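Novice: give me a 3D structure for the following:
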Amino acid sequence: MIRRVAERRDPRPLAGRSALVTGVSRRAGIGYATARRLLGYGARVVVHHHVPHDAGQPWGADPGGIEAVLDGLRAAGPLARPGLTAASVGQLSWANRRVRPARSGTGPDRRRSDR
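Specialist: Below you'll find the model as predicted:
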């Protein structure tokens, strides 16, 4: 007979860690699900959305609007820096330490007009 010992998992394994999740404009989207999971695991989460993009797609924007999306996330845990704008994300030191190296490793930005 095989006997399994139940291992206790840390309920908040990401406590003290930070995450930036983009594409969080609908409660039926992957970005929303990812942000909720990270919040549930204890991470500090900054979310970014672009509602006009979804509004122009066949699936449309979230019927409850962005406030319903944010309320759903807040139910899972406190968001890092509520009211943070896209422009100010670039000023966050922890974001810059992670985003800049990742961006530099992906090659040139083909959308830039200053080349």
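Novice: rest of the way, CA atoms for contacts and neighbours
Specialist: Noted.
Novice: all helices for this structure, in order.
Specialist: 30-40, 51-55, 65-76, 86-89, 93-104 (DSSP state H).
Novice: least reliable of these going by mean pLDDT?
Specialist: Note on these: helix 86-89 shows the lowest mean pLDDT, a mean of 54.
Novice: who are the neighbours in contact with Arg26?
Specialist: 32, 61-62, 66, 69 (Cα atoms under 8 Å, 6 or more residues apart in numbering).
Novice: can you flag the buried ones in the residues you listed?
Specialist: 32, 61-62, 66, 69 (16 or more other Cα atoms under 10 Å).
Novice: just send those back as a markdown table, with distance to Arg12 too.
Specialist: Output for the buried ones among the contacts of Arg26, formatted as a markdown table (distance: Cα to Cα, whole Å):
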| residue | distance to Arg12 |
| --- | --- |
| Tyr32 | 19 |
| Ala61 | 31 |
| Asp62 | 29 |
| Ile66 | 26 |
| Val69 | 22 |
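Novice: right, and the pair among the residues you listed with maximum separation?
Specialist: Tyr32 and Ala61 (13.0 Å; Cα to Cα).
Novice: now do the shared contacts for these two.
Specialist: Shared contacts of Tyr32 and Ala61, counting by Cα under 8 Å, 6+ apart, come down to 25-26.
Novice: His49 touches Gly23, doesn't it?
Specialist: Yes: between His49 and Gly23 there is a contact at 5.1 Å, judged by Cα atoms under 8 Å.
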